[in-house]
Every structure is written in C-alpha cells, then in structure tokens.
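> no FASTA, just this:
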C-alpha cells in the first residue's frame, strides 16, 4: 500500500489520558481512536494488526479441528435465567430491551447460547467430541474502562466451547487446546507462559491462563527457569524443604529488650540478625477464636492459601490490635510462638529455621535463639506464604523466577456446570441419557494487540513481531519529489515486492526524511529500505531492521531476494 | 473436511415457520438456527458461505482502494443527536443505557461515527478523496422480523463511506463503487441488476440499488433487454411515442349506451374493443380543486410520478366518489375527458390513441370514436403511468422486461447531509474551509447468502454458485464401511484434492447412499464424485454437477485434473 492511500494518523505528542505504553503508542501510531469510554474505532493501520492476529487464531483453531460458528451478539434473557447467570452476573452485563420490551443482553460470553444449540443439535455420543468457536465482538460494561483496548468495553474475542461424553474426552481436548494456544502465541511471536489458574467460583476442574510477559502486566507470575511450570504467584505452592533442619547452633534461649522495635526490619537491624532468622507471627480470625499464622521474616503471608486451612475464616480476616491486646496481652509487633495459648500454624520455611528470633508476647521484648522441638514442640506446618524468586519450582525442576503478565487467553474445564443447569444431554453407547462435559477456551484477540506492544516497544515506538506487523517492509524514498530517478525506481521495487507476496508499505508522501523515519519507527514496521539518489549512484539501498541499531547496504538488484530470505528466516 | 468432524445438521421436514424458500433451505441444510426472533446462529456450514461472500466483498473493496476500519457497534447517543437522527430514527434503532445511565444505540449504520472520525482526522484536501469501509454486525430492531436472515434483526453488513472536496470527486468514487459492486456480484455468481433508486427522504443526489433477481423478490424491477438500464418499476420513466399519432380512422364521434358497465374490462368487452383503445380517467385532489389524470385502459397510474406534477397534492389522494358526483355529475366509471371542466393531464400513451373510447361524464353512457385535436383540444401530456413489459427502455436501447429483485446493495451520494449537520470541514487549496461531500455504500453480506439461494435452488435443495459454495466438491464413497478398498482410495483422493487447493468435503459417515445423496443435494455442493466398489473395478468414479441431470464416468487417475479444470472454467 502507498501511504497516500492510507489514513496515516500519527501523532507526536503523548496523549495525556493514556496511562500505559500500549495505549499511548496505539493512539500515537494512529491504530485506534476513542469514540467513548471503553469504545474504540480501529483505524486502517490498527485493523491490519488485529486481522493478522485473528487470522492466526482462526488457522490454528481450524487445524485443531474446531468448527467455526457465529452466534448472535444479542442474547435473550431467558437462557441466562436458565443458567442462573442473569441474576448473578452483575452490572458488567449490558442488559437491554427491544421494542417489545423483551429483555436481552449484549453478550460478554456465550456459554448459554452454545449449550442451548448443542442440546438441540447433538443427540448421540457418536457426534462427540465437538469443539465450536467464534471470533466475535463482545461487550463487558466495565465500571472504569481504561488502558485503551487492554480493558475496553467492546472487544474482539475468540471463544470456543467443547462438548464431551466424559471427563477423559474433555481432558483430551483441553490438552489439545493447551497445545493450540501455545502454537498460536508462538506464531504471534510473543513471549508467554501458560499459567495454572484458580478455577474460582465458576467451579470446574482445571484451568490455565495464557499470559504475555510484560513489565506492565497486572498479574505476577511465578515460573520455573527450567520447565514449563508457571502459576499465578498467589496460587503457586511452596514445598517443605526436603533436607532436615540444621542443628541448633546455640542452645541458649534468651530474652532481649527491644524497646520501640516492632517490624521485622526494625528488630533485625536492632539485633543485627537477618530477616530470614526472624519469625513473623500474624493473628487471624478462626472459626473458634483466634489463630496464629507464622512465616519467616522475609516472607509474606498468602491470604488465599491461609483461608483454605481448616478452622480459619474465609476470606482471611486479620484480628484487630485491640482483640490481640486483650487476649494475648501485647501489641502486634511483639507476638511470637513461645507461650502463645492459641492454635498456631507454621509455614514450612518458618518451621525450618533454627536459633530464630521472635516476639516475646510482651511489649518491648523479643526472644533470641529459639528452636522448634527444643524450646517449644514441633509445629503444625502448612504452605502459608507467597512463592519468591529463587524458591524451588513446585514441579521439582529448576528455580522460580517471577515476571509480570497480561492475561490474553484462558482455557477451562467447565465440567457439567452449564450442561447440568440447562439439561444438555446425549445418549451414550448404551442409549442412556448422559449430561455433557464441557470445556471453554477464550482468547482476547484485540487485547493481544495491546499486549504485544507492551512486550515489544522502545522509546521510538512499537517493535512488531514479524507475523503481526501492519506491514512487513517499508520503502522510504528520500525527497522523492525532488528526484528524477526515485519515483520510478521505488515504484518498480514496490511492485516487485508486491509480486513476491511481500506486505510492503511505500511511503510516497512529500515529507522530510526525518518525519518519515520517525513515523515508521513509531508504527514499528520491522524491515526498512531507504532509497536515496546518492546510494542509488552506487547501485545500493540502505536496509535496517527495526530492532537493529546499524544499517547495511544492499544492492538494489538483490533487495527482493534479501527480504524474502529475511522474512522466511524469522 | 470430513463430515464426521462437521456439525451436519440437515433436516428432512420443511420447517413450518419458514415462509420463503431460502429460509426453509437454510434451516433444512443446517446453515442457521434461530435463537430468538430475528436472531440466528450461523452453523459451520452456513458460516463457510458467509465467510466466502465476506472475502469477495473485502477483496474488491481493497482493490478499489477503500481502507478497512472497524468502528464500535455500540454508539453514543450524542453523535446521533448532533445529526438529528436520535429523534427521527424511530423504534428500529435499538437504544440502550450503560451502567452509568448514559445513552447508546446498537448501530444500524455508521454515518455519524465515521463523520465524527473524519472531521477530527482529515484536515486537508490533500488527504482526499478517502473511502473507508467495515464489515460488521449491525442491528435493526424490525417490528416483525421474518424470512430468516433475509430480514433479521442482527445481520452482517459491509458499509463504506467516502469523503470528498467536491461533488465531481464524489461522482468519481461513486462510479468506481458502481463498478466495484458490479464486480462483486459477478464474482458471487449472481444474476443482478443495478437499479436507479429514489433518493427519498435522505436527500442527496444519486442512488443505485443492487438487486439479486429472484421471483420471490420484494421489488419489481424494470430493465432493458439490450442495455444495463434498470430501475424500480415505480421510478422508471416512460417516453412519449416518437412517431406521430395515426390518423383518425373514423371521424364519427358517437354516444353509446353502456348500462352498468363501469370498469375498462366491462366496457371494452361490452363494446368489443381492446382495453388499449379505451382511456381511463382518474380524478385526484389538486392544490386548487380536482384534477383529472388520464391513462390508457391497459395502463396503471403511477402515484409517485403523478404526485410530482405541479398543482397535485402529494402524496397522491384520489377524489372521493361523492365529491366527483357532486362536481362532475357522474360516477367514477363514467368519467371521460370530453366536456370535463377541471384541469386534466394525459399520459403520453393515452395521448397517442386515436378513435378512443371514454366515459361520457354521464352514468350509463360512453363515447366512441373520440380523437384528440378533433373532438377536443390537444392534451397537456406527462409521464403518468407504470412502465410495462414491452415498453421501450428509457435509455432508448431495447425493450423493457420486468423481474423481481432482492435488494442486497445500495450506493448513495449523501452530499453534505451529515457533513453539514456535524460541521465536517477541510481546508481546500486556497486554505478555505469547505464542508465535505460524502457518499455511502452498503452491502447486506448475510442477506446475500439468502438471496443467492432464492435465485439458485430446485426441489432438491440449493444450487450454489461456485465461488460461494460451502465446499466445491464432495466425495461420496458408497457403503465405505463394508468395503476393503474404499476407505483407502477415498482418503487418497481426498488428500490429493486438498493438496491441489480444492475445497473438498469427504462424506465419511456410515449412512445409506440415499441419505448421502439427498444431504449433499440439499446442501448444494456443485461437484459430486461418487466412489463405489463396482466402478472402481473399472478404474472409474462417477461425476455429476449439481445442475446436471446426467452423471459421467471419470478415470480415478484423472479426477484431480478434471476437477481443477472444471473449477477454473466456471
């Protein structure tokens, strides 16, 4: 395409209302424009990227044998009432009434619609397993839409739903979707992790989120440096240390005065010990009175894990300072396990420390040289803390690293949640009616575009991965309007590249070279060819990859072959 | 694809609630399913057709230099208020409120959104002309949705909007879109006509509708048998007969008694003359009293044309029998031009008749042998009637034929309707602010699928045009599960066809041949290859095109080459 035929709407200034880099760059590069809160128009340049993402998603879903369908965006309330979600979904569900005052919603997801379809159309186990997907505009009425298309109200989504005669078949398709998603994100050229996810309130058996890794991600992900293991930091388990606890170095338990020292940081500095040597005692509400939870001084309590323990209130609730003072007799900063007369649970790592420091349950005093099994009984242990960088990976392979991620995909074993509520059954081999097993598989197609930018940008603009760049190559003729030769040479090269099937942009604007360079770097086209009268005298053009810092000269006659080779090798 | 991996949801019975053939066949072939009134899910087979139509539309729009964008489906009320349409659109506009009680609509069209975008992004005549399109789900809250996807509430539309510095540029793009639409419908393999349309209340200057010709069409279209000329029957002009009126055969005007003979049919039979020899006098309300409109006995008055005459009330209103009786003195069936003392306008054809028969303005009597210029003055003439089969084409080329059509496209010169209301201006060459000229160009993408079926079906099912068939070729192995050889031979042929880039369906179901034949004829796959053990003994397979009545034998080894050749030649 020629820029003269393209709405190239680049902007120099960083828009003030755009908080994250992808939002800023999508506005600046002229990929999107805001229509209203959470509603964006995709301009030609942005839509090219969106369509490339969509195309890869569709190809891989087809390859996996999923069948594309298209369900209405507008859904009748009745089906949502049948599943029970009409009441429970909350104000993110955009409800509306038609001219006859019948209730509908603008679908944020399609479990009810596909389940209704399948219970009518599929009657026999012979038609299973079956997996249906659509790529469709969806709506979620976010209370505070922000971050551009990252958290828009209207967005493009690929949603898929699979149906099965039993859980084993569901697991098989689930595994296949896991592989398909991995292939999709690899083809998109993104660094990603498949992350074990909480199945949460939706029920079901197994769930993975696919995260694009980027510093700006909302979620912290713990992953192994030596395996595929990855999980949300809040969900990743920590393991008991397999080696036996070291012997106590000093058997001498002592009380020390620690006036006005409350936090681990204060106490460890005051006593000149490491935080890893200190234990932190936290008191929470249990179902039968207070309970103490003990973690190592450098660790943080994981509220989700703690709330799953028996006899602990869920969600986790810290005991008030007043209540602690009344029942234990000291302030929060002076708590410790020795002499504590409430039930206590000790984190694996805290139970492995010897000669530890802890509060004395008396204000202004701490104990040093305390040892489990010596000064107090062996503790009741559990996994109570957040996993940290350097911890062993829960799968036993390698060490944990932590990165931030943007959720762009989610696969989920729904089991019989919807099929039960909506009585979606088929006949099995014995002609018995069986409630279907169901899986669902989502990809945020429009969100991927923003996530790709969060992961791939520099101070000049976007650094598109090859497969989703709006154009693969840009031709920049310098001051073409002043040249006798450039219009013809550039046009010939442009047409040769088009004929070779290369997605090329020909910047035929009458602009200064500086403007052209800056625009194309902002837009992030991977391969740049600069044509100038002087280099053409030598029979060469100047090539630069967007990620390179150096340019190189390529003979004009070899440009097509050179680019074909570069594009194939990426 | 293999049928075992496809949701093949064919139905034998004709659904009782489907009135038109395309709706019946789309349900029976398993292309769509109804979710609610006017809301349909596209099943895999139907979606394949829809996507092929979409693909052709996109390719041709791109070829014409239009730029694809994607605007939100949900549109804020403010812009519709600015254009004035929020008040005027009526209940077909699906209005909704978000969680903050802000008003929006589910867009049935996007003039306001694109005009708002362009007034922000395009500032100079140098960026013009520009043409933007999208292919998007739209919503029109029809009071009585019917005919399946032909008149659905949610539908897929291609809408395009062009912007121009002046009317000449608009005309140029309009002409280009006319050609593009013609190319699109030719590639779709449909018989169609570009029909001159009324610009109606929307204003603007020029408009064509594109109609797929089919007996079930809602619109009657007059077209030339020798040129591209076509217009809605109500709009097609009729021309004065260029040859001079014949000489009166009999100069003898006479009064005849015609007791109880009122209609043209009654009078012409009673007097044994042809209806073409009789004149019909119709009295309508004018702005200054009654006016008589006179057409030939076999012609019908065109109310739209008549209402455009000076001194006639618009819309046309017939005078009441009481008023006619009171002012003229006879009943409606006895009116005639001779001696009539109200203004009269005579249709060109009626003014060309000699020796005509007409009412005597006295009940029970008619006049015969009446002649213009002899018995009464030469009349004031105009085009007053509907065009008919056999009339000369208004463009002077050939004769008129009439067919019924389904509107599937519409191109429209909007002029400054929206740009004026929304102050969309650019600077011209002299740095003067100019209000933009605008065109819009719609195609009903989903509707085309139904229209194609209305035009292409027989009693067994659909007859898809090659380019939009869900599959080009189907392989039907007979009783494959009982054969040693068929599974391998068919699979090999299937894979060879796939490798040749042919869109082939392999019916691998364990079904009786009769069921397989019936299903594939219903679905309408153009090319059918039947494989059976007996014909394979002879080294052949059986080929039949869906439109042929006879089968032919093709050597197995030549099937791929044969089909490639057939597919290319269509």
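Everything's here; your move. Keep in mind that what you see is a predicted model, and the values were worked out from it rather than measured. Numbering: from 1, shown residues only, chains lettered A, B, ... in the order given.
> Any regions of chain A where pLDDT drops low?
For chain A, the stretches flagged by pLDDT under 70 are A:199-205, A:250-251.
> one more time with 50
Chain A contains residues with pLDDT under 50 at A:201-204.
> any idea how far residue A:3 is from the residue of it most remote from its centre?
What lies farthest from the middle of chain A is residue A:484; by C-alpha atoms, centre = their mean that is 52.0 Å. For residue A:484, the distance to residue A:3 (C-beta to C-beta, to the nearest Å) stands at 21 Å. To be clear about C-beta, it is placed using only N, CA and C from the backbone, and glycine gets the same treatment.
> quick one: the helices in the stretch 401-550 of chain A?
In the stretch 401-550 of chain A, the segments counted as helices under DSSP state H, counting those that start in this stretch are A:417-421, A:445-455, A:486-499, A:513-523, A:533-537.
> distance of the residue farthest from the centre of chain A from residue A:495?
Distance of residue A:484 to residue A:495, given as C-beta to C-beta: 19 Å.
> can you check residue A:343 too?
Distance of residue A:343 to residue A:495, given as C-beta to C-beta: 79 Å.
> In terms of neighbours, single out the busier of those two.
Shown here are residue A:343 and residue A:495; by other C-beta atoms under 10 Å in any protein chain shown, residue A:343 has more neighbours (15 against 12).
> wait, the more buried one sits on residue A:291?
Yes - using C-beta atoms under 8 Å, residue A:343 is in contact with residue A:291, at 5.1 Å.
> what touches both of the two?
Applying C-beta atoms under 8 Å, 6 or more residues apart in numbering or on different chains, one finds that residue A:343 and residue A:291 are jointly contacted by residue A:311.
> middle-most residue in chain A, spatially?
Central residue of chain A (C-alpha atoms, centre = their mean): residue A:407, 2.2 Å from the mean position.
> For it, which non-adjacent residue is closest in space?
Leaving aside its sequence neighbours, residue A:407 sits nearest to residue A:209 (C-beta to C-beta, 6 or more residues apart in numbering or on different chains; 5.0 Å).
> same question, residue A:9
Per C-beta to C-beta, 6+ apart, closest to residue A:9 is residue A:30, 3.2 Å.
> Show me the helices in the stretch 151-300 of chain A, by range?
A:167-187, A:264-271.
> Please enumerate residues in contact with the longest one?
By C-beta under 8 Å, 6+ apart, the residues outside helix A:167-187 that reach it are A:56-57, A:60-61, A:63-64, A:128-129, A:131, A:160, A:162, A:164, A:192, A:194, A:205-206, A:208, A:210, A:212, A:408-409, A:411, A:413, A:415, A:437-439, A:441, A:443, A:467.
> which residues touch the closest residue to chain B within the stretch 151-300 of chain A?
Across the stretch 151-300 of chain A, the shortest distance to chain B (C-beta to the nearest C-beta) belongs to residue A:154, at 5.0 Å. By C-beta under 8 Å, 6+ apart, the contact set of residue A:154 is A:38, A:39, A:40, A:137, A:138, A:139, B:72, B:73, B:74.
> for stretch A:468-480, the distance to its chain's centre please.
32 Å (C-alpha atoms, centre = their mean, to the nearest Å).
> no no, stretch A:59-66
23 Å.
> Hmm, residue A:499 and residue A:564 touching each other?
No - using C-beta under 8 Å, residue A:564 is not in contact with residue A:499; the gap is 11.3 Å.
> Those two: who's more crowded?
It is residue A:564, of residue A:564 and residue A:499, that has more neighbours when counted by other C-beta under 10 Å, with 14 against 9.
> what lines up beside the strand ranked longest in chain A in the sheet?
In terms of residue count, the longest strand belonging to chain A (DSSP state E) is strand A:400-415. In the sheet, strand A:400-415 lines up against strand A:207-213 (antiparallel), strand A:219-224 (antiparallel), strand A:437-444 (antiparallel) (DSSP bridges).
> how about those strands in a markdown table, adding mean neighbour count?
Converted to a markdown table, those look like this (neighbours: other C-beta atoms under 10 Å in any protein chain shown):
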| stretch | mean neighbour count |
| --- | --- |
| strand A:207-213 | 24 |
| strand A:219-224 | 21 |
| strand A:437-444 | 25 |
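> Count residues in the vicinity of residue A:402, would you?
If we define neighbours as other C-beta under 10 Å, then residue A:402 has 16 of them.
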